[in-house]
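J.: please find the sequence and the predicted model below.
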Amino acid sequence: MIWLGIDTANSPLSVAIVKDDVLLIEESSMMKINHSLRAMPAVEEACRKASITPSEIDAIAVSEGPGSYTGVRIGVTIAKTLAWTLDKPLYGVSSLKALAVNGQLFNGLICSIMDARRSNVYTGVYRAKGTELVNVLEDQHCALAELLEKLKEYEETVLFVGEDVKLYESIIREHLGEQAYIASFALNVPRASSAILLAQSENQPETVHTFTPQYKRITEAEANLVKKESSHE
């Protein structure tokens, strides 16, 4: 069985192809890339290097968010288009959980973080149980201070993963001290193969035409509309 994995939920871009549980190719980049220009060519290039045609793909896994609105939307749109065109099953997985797979060997809590601006983050907290990751705190959008207070209550070591952790490292260490561990740069790169792994073990196929990104918060435009409507009540 051939899987295509796509992760464009944040500034990194990752594409992977797995055949019969063997990783044929995975290409990930931390460069600030315009995903609208690069994502589809990256998929085509991965297929070429793996010596397969898109029609040979049996299933597609995509990071469904949260993360960058634009990044998530591009990845989901490409995955939906391919799934619809090729008539293949589509699996959406949490971008935060896929990132946490990088820290699965850590003996403690694993906290994925993506910056949501204004001292807010997208986050999910997990614990490894055997070969699986289980949620300790559900994926959410919250204030960093609120997250750190919750983590402090667990009185366990916490591994923070994600390229945006560096933005808040000093605050994290100040609040959690020796409880906090910061992942090395090698563990901060989202991997499309992790999305495939999660899709294989946890998810049921999505209904392609109704599948939507999981932003975990309303857009700024939606927030402004709510404010406008509230002011007229």
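T.: Cool, the structure landed.

J.: average pLDDT across the top strand by length along the chain?
T.: Looking across the chain with DSSP state E, the single longest strand is strand 132-143. Averaged across strand 132-143, pLDDT comes to 96.

J.: strand partners (parallel or antiparallel) of that strand?
T.: According to DSSP bridges, strand 132-143 forms sheet pairs with strand 120-129 (antiparallel).

J.: what's the first helix or strand after the longest strand of the chain?
T.: Under the assignment DSSP states H and E, the closest C-terminal helix or strand after strand 132-143 is helix 144-154.

J.: what is that following helix packed up against?
T.: strand 109-115, strand 120-129, strand 132-143, helix 169-176 (3 or more CB pairs under 8 Å, 6 or more residues apart in numbering; DSSP states H and E). In short, each C-beta sits where N, CA and C put it, glycine included.

J.: what sits up against the third one?
T.: It stands for strand 132-143. If you take CB atoms under 8 Å, 6 or more residues apart in numbering as the criterion, strand 132-143 is touched by 66, 94, 96-97, 100-101, 104, 109-110, 116, 119-128, 147, 150, 154, 198, 201-202, 214, 216-217.

J.: and for the shortest one?
T.: The contact list for strand 109-115 (CB under 8 Å, 6+ apart) reads 9-10, 66-67, 95-97, 99-100, 103-104, 121-128, 133, 136, 147, 151, 154, 156-162, 164-165, 167-168.

J.: Asp58: what's it in contact with?
T.: Shown in contact with Asp58 (CB under 8 Å, 6+ apart): 1-3, 88-89.

J.: any idea how far the most centrally placed residue in the chain lies from Leu159?
T.: For the chain, the residue nearest the mean C-alpha position is Ser95 (1.4 Å; CA atoms, centre = their mean). According to CB to CB, to the nearest Å, Ser95 stands 17 Å off from Leu159.
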